[in-house]
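Let me see the structure of the following:
(chains A and B)
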Amino acid sequence: MTAMPKWADAVLVPLISLLIAFFISGLVILAIGEDPIAAMKLMVTGALGSTYGWGYTLYYATNFIFTGLAVSVAFQAGLFNIGGEGQATLGGLGVAMACLFIPWPHWSLALVAAVFASALFGAAWAAIPAYLQAKRGSHVVITTIMFNFIASALLVYLLVNVLRPEGALDSASARFGDAMRLPRLNDILALVGIPFNNRNPANISLLIALASCVGVWLLMWRTRLGYQLRAFGKSEKASVYAGINPVRMTMYAMLISGGLSGMMAINTVMGEAGRLLLNSVEGAGFIGIAVALMGRSHPVGVLLAALLFGFLYQGGAELALWTSIPRELIIVIQALVILFTGALDDMVRRPVAGLFLLMKKGKA
Amino acid sequence: METSRRQESAASASNPLAIELRGISKAFGPVQANKDISIQVAKGSIHGIIGENGAGKSTLMSILYGFYKADAGEIYISGNLTPIPDSQSAIRAGIGMVFQHFKLVPNFTVLENVILGAEGGAILRGAMAKARKSLSDLAREYELEVNPDAVVEDLSVGHQQRVEILKALYRQADILILDEPTGVLTPAEADQLFRILNGLKDQGKTVILITHKLREIMEITDTVSVMRRGQMTATVKTAETSPEELAELMVGRKVLLSVEKTPAAPGGMVLEVENLRVRDETGVERLKGISFNIRAGEILGIAGVAGNGQSELLELLAGIARGEGTVRLNGQEVALNATADGQSRRARGIAHVPEDRQHLGLIMDFTAWENVAFGYHHAPEYQRSALLMDNDAVRTDTVDKMERYDVRPPIPTLPAKNFSGGNQQKLVVAREMDRNPELLLVGQPTRGVDIGAIEFIHKQIVALRDAGKAVLLVSVELDEIMSLSDRIAVMFDGKIMGERDPKITNERELGLLMAGVVK
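Reported below is the predicted structural model:
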């Protein structure tokens, strides 16, 4: 209960949950006839053993920070936005619009435009479910899910019929101009003299993601809007008493959430691919739910959880590359992590709390 | 010295003991909720446990029912040492508990609720038939008539409570614990409950009644134990004590049980209300043309049994609900349509202490300081800039308010849910009254609030009146209405049945009006 110090609640409990998840993952690997210790070693060296691995880990983490923050903001306002996938898809469209049709002279201007365009498109995609929830009471969980499908169908149509350059065979947009290539992480680190591998997609979007963490923290815990959003999330009835408008809060929360999801596309579409591809979101919208859950909807927690999932993604890819362990197993490991850190949280929390109580009594 | 003598006299009662607790202690972190508590309850008696909110009554009963494990101490049931690690063991030991907030499944029938957890197998048929039989037996024996096929959510609160009692009796409880059972009942339902409890006692059952209402203790219990700050301060025979003595034992000092106030000096007209009408979602008219007015320096009390339109009236005036009619504040019209909200009302100087502080007045997960800004989060003194709130300013203000309104513990970062009911209410009162509103709307200001805090809140309301403000007081406690109001209006079925002068009227006359009888 209250006996547990804050650090144990925030760090120790998730850590123990994580270890249990890894332990059971090890059993699964053992069951399919592979060596779990070797697999773990491979994952760690693959994801964190080189700056190449770190680059990929950070690249994935960047995606998850955006989508994790998106889910968190909505969740703080009592809304479950599981439309991150579709909102990020539309965000990609926004980035493509900003980069394809305006000949920016410098990447920095293009980046500013891409940030606005991706957030705008993502927010717009969230606006319709938000409006339906606020005015009509259609549950946002259902509508955002449906909007994921609509978004992916819309993107297919646009890439096949509208944005595909004449004569090209794959369903993708034209390449963005060279001026729109974002600085990679190795370019940035070179400025301060740190050598970093140059064959990975980590780019300046990571800094935007980190800034977004700070921004969300400021928004939720320092501004009047954040105060009202949190109050609305805790109790709609009490909010009405206080004169907080539920319709407006639902709209604001979903718009901010959709905007954050959309901004993920800066990393994938502009930072990595340099053109708009089908399925550039790659499930990051859904991973965002797990990240927010594990990060307790707090920006610091989201950041740490995003790094963990980035590690799992990159480590899993290495695992699939060098062993006969199928790539799907990484989904099993992710599922176990989500299961233990999110759903079965209390299973670890109670014994730990009891332990602290005992220690306290021992001292007294 | 005197208390120990009395404890002995209570213990040496002729009946054998149903329950004995010896040296029970329980701490939550640094808070000692129960400290070395010993208590003896005679079989076939009604034993009251009284104390202010946060005195440790509920913790003690939760230990007895197996929800919490005591840090130290022993429990004896019928003279045998009986460890109670969980509620199943408590039920096996013959203990039944009726909680303040019922633990019923609203969309189950009475019968289904009664057998829930005692089905005795995967096939329900047998258990249902058995339960139906024993329910009708119990109903005959204890006057506990409830239709076994009624769906619980359709039942009145009083009947839902009967279902809880039936649940306990069906599980063969010999000892029945009731936690603040009358908090949700009308006076008539409370009388009925007391008749049932007396019937249970006559059949040899033991009843433990937890309450903070002195009147109930005096009316129904045989013995009473008083708790204060986690300790048992006295156990006395009810016949040998008085409300004044119990109040003093509870609070630790002399308490004024009546309100001291000078005659009202009404000034100019503040609130004029004409022909208010409100319909609920199902189209039923809840307010059927209400008219009244309140002058400056005057308290208008609205008496009535809960559910006769008082809540709708408060919500309409506070801008939470919509309706028709005319409302003028200081001669200026107040909007009742969709443009009205809590913000525009506060801007006009209308403050509102809501009936339901846990769901309306406070956000229980928010800290005290976040709750102090609640509804006033636009106040200029709480802003750092156009976007940022000045959390430090709110915290400073909270410390100040906590001191002046005696909110304990005075920790602004503590979540609202960790304060006792009385201190939660003081927090709401501090927030709403400290801005010197033109009109104060107060609903059930002392519901679930301990005696010490009641005295304080009443004083604050009178002080606001004496400062020349208008107060609309809604309460189901007739005592409170009679002692605070300068004028009393009685509501029944969405209408005002009449206005009375509290100095001239009496409880009988008001009671008839509350029942809709007009002479």
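
tell me the contacts of residue 106?
No chain in the question, so chain A it is. Taking Cβ atoms under 8 Å, 6 or more residues apart in numbering or on different chains, we find residue A:106 in contact with residue A:179. In this view, the C-beta of every residue, glycine as well, is placed from N, C-alpha and C.

should've been chain B
Residues in contact with residue B:106 (Cβ under 8 Å, 6+ apart) are B:151-153.

Check residue A:26 too.
Residue A:26 touches A:36-37, A:39-40, counting by Cβ under 8 Å, 6+ apart.

Could you measure from it over to residue A:117?
44 Å (Cβ to Cβ, to the nearest Å).

And the contacts of residue A:26, which two are furthest apart?
Using Cβ to Cβ, the contacts of residue A:26 span at most 7.2 Å, a distance reached by A:37 and A:39.

quick one, which of these two is more surrounded?
With neighbours defined as other Cβ atoms under 10 Å in any protein chain shown, residue A:37 and residue A:39 compare such that residue A:39 has more, 22 against 11.

Nearest residue to the more buried one in space, please, no chain neighbours.
residue A:29 (5.2 Å; Cβ to Cβ, 6 or more residues apart in numbering or on different chains).

Which one of the residues in the stretch 201-350 of chain A is closest to chain B?
Using Cβ to the nearest Cβ, residue A:243 is the residue of the stretch 201-350 of chain A that sits closest to chain B, at 2.9 Å.

That residue should be in a helix, yeah?
No. Counting by DSSP: H, G, I helix; E, B strand; the rest coil, residue A:243 falls outside a helix, being coil.

which residue sits closest to it, ignoring its sequence neighbours?
Among residues not flanking residue A:243 along the chain, residue B:342 sits closest, at 2.9 Å (Cβ to Cβ, 6+ apart).

quick one: residue A:115 and residue A:96, what's the gap?
Distance from residue A:115 to residue A:96, by Cβ to Cβ: 14 Å.

More neighbours: those two, which one.
Shown here are residue A:115 and residue A:96; by other Cβ under 10 Å, residue A:96 has more neighbours (29 against 22).

For the more buried one, give me its contacts.
A:163, A:173, A:176, A:269, A:275-276.

Let me know the helix or strand that it is in.
helix A:84-100 (DSSP states H and E).

What is the burial count for the closest residue to chain A within the stretch 151-300 of chain B?
Going by Cβ to the nearest Cβ, chain A is nearest to residue B:281 of the stretch 151-300 of chain B, at 12.6 Å. Residues within reach of residue B:281, counting by other Cβ under 10 Å, total 5.

can you check the one 4 residues further on too?
Residue crowding around residue B:285 was assessed by other Cβ under 10 Å; the count is 15.

what phi and what psi does the backbone show at it?
Per-residue torsions, residue B:285: phi -80, psi 120 (degrees, to the nearest 10).

which stretches of the stretch 201-350 of chain A form helices?
Ranges of helices within the stretch 201-350 of chain A are A:205-222, A:224-234, A:236-241, A:246-265, A:284-294, A:299-322, A:328-338, A:345-363, based on DSSP state H, counting those that start in this stretch.

Quickly note the distance from residue B:199 to residue B:96.
Remark: distance between residue B:199 and residue B:96 (Cβ to Cβ) = 15 Å.

Look at those two and report which has more neighbours.
residue B:96 (23 against 14).

residue nearest the centroid of the chain?
As the question left the chain open, I've gone with chain A. residue A:64 (2.2 Å; Cα atoms, centre = their mean).

nope, chain B
Closest-to-mean residue, chain B, Cα atoms, centre = their mean: residue B:448 / 3.0 Å.

My read is that that residue contacts residue B:423, right?
No. Judged on Cβ atoms under 8 Å, residue B:448 makes no contact with residue B:423 at a distance of 11.4 Å.

near chain B, which residues of chain A show up?
Proximity of chain A to chain B, by Cβ under 8 Å from any Cβ of the partner chain, involves residues A:1-3, A:218, A:222-225, A:227-228, A:230-231, A:234-235, A:237-238, A:240-245.

Hmm, residue B:229 is touching residue B:56, no?
Yes. Counting by Cβ under 8 Å, residue B:229 touches residue B:56, with 7.5 Å between them.

who has more neighbours, the two?
residue B:56 (25 against 14).

And for that one, nearest residue in space, chain neighbours not counted?
Nearest residue to residue B:56, sequence neighbours excluded (Cβ to Cβ, 6+ apart): residue B:230, at 4.3 Å.

do residue A:111 as well
residue A:182 (6.4 Å).

Test my guess that that neighbour contacts residue A:112.
No. Residue A:182 sits out of contact with residue A:112 when judged by Cβ under 8 Å, with a separation of 11.7 Å.

Those two: who's more crowded?
The neighbour count for residue A:182 versus residue A:112, taken as other Cβ under 10 Å, is higher for residue A:182 (22 against 12).

what's that one in contact with, if anything?
Going by Cβ under 8 Å, 6+ apart, the list of residues near residue A:182 reads A:107, A:111, A:203-205, A:266, A:270-271.

mind putting those residues in CSV, pLDDT and neighbour count included?
Putting the contacts of residue A:182 into CSV (pLDDT from 0 to 100; neighbours: other Cβ atoms under 10 Å in any protein chain shown) gives the following:
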residue, pLDDT, neighbour count
A:107, 93, 20
A:111, 96, 24
A:203, 95, 26
A:204, 95, 21
A:205, 96, 31
A:266, 96, 29
A:270, 94, 30
A:271, 93, 26
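
residue ranges with poor pLDDT in the chain?
No chain in the question, so chain A it is. A:1-3, A:361-364 (pLDDT under 70).

was after chain B, sorry
Using pLDDT under 70, chain B drops low at B:1-15, B:29-30, B:53, B:183-184, B:186-187, B:255-257, B:519.

Show me which residues of it are close to chain A?
Counting by Cβ under 8 Å from any Cβ, chain B sits next to chain A at B:28-29, B:318-320, B:341-346, B:352, B:354, B:359-366, B:370, B:373-375, B:377-378, B:383, B:387-389, B:391.

please redo it, this time with the cut-off set to 6 Å
B:29, B:320, B:341-343, B:359-360, B:363, B:365, B:374-375, B:377, B:387-389 (Cβ under 6 Å from any Cβ of the partner chain).

Burial check on residue A:312, number of neighbours?
Residue A:312 has 23 nearby residues by other Cβ under 10 Å.

actually residue A:342, sorry about that
So residue A:342, with other Cβ under 10 Å, has 17 neighbours.

do the same with residue A:16
So residue A:16, with other Cβ under 10 Å, has 18 neighbours.

What's the separation between it and chain B?
According to Cβ to the nearest Cβ, to the nearest Å, residue A:16 stands 22 Å off from chain B.

Report the secondary structure state of residue B:301.
Secondary structure assignment for residue B:301 (three-state DSSP): strand.

so what's it bridging to?
For residue B:301, the beta-bridge partners are residue B:473, residue B:488 (DSSP bridges).

wait, isn't it in contact with residue B:488?
Yes. The pair residue B:301 / residue B:488 is scored as a contact, 4.7 Å apart, by Cβ atoms under 6 Å.

Overlap in contacts, those two.
Shared contacts of residue B:301 and residue B:488, defined by Cβ atoms under 6 Å, 6 or more residues apart in numbering or on different chains, comprise residue B:481.

Against residue B:336, how distant is residue B:322?
Residue B:322 is 6 Å from residue B:336, by Cβ to Cβ.

One more: residue A:226?
In terms of Cβ to Cβ, residue A:226 sits 31 Å off from residue B:336.

Comparing these two, which residue is more hemmed in?
Neighbours per residue, other Cβ under 10 Å: of residue A:226 and residue B:336, the larger number sits with residue A:226, 23 against 20.
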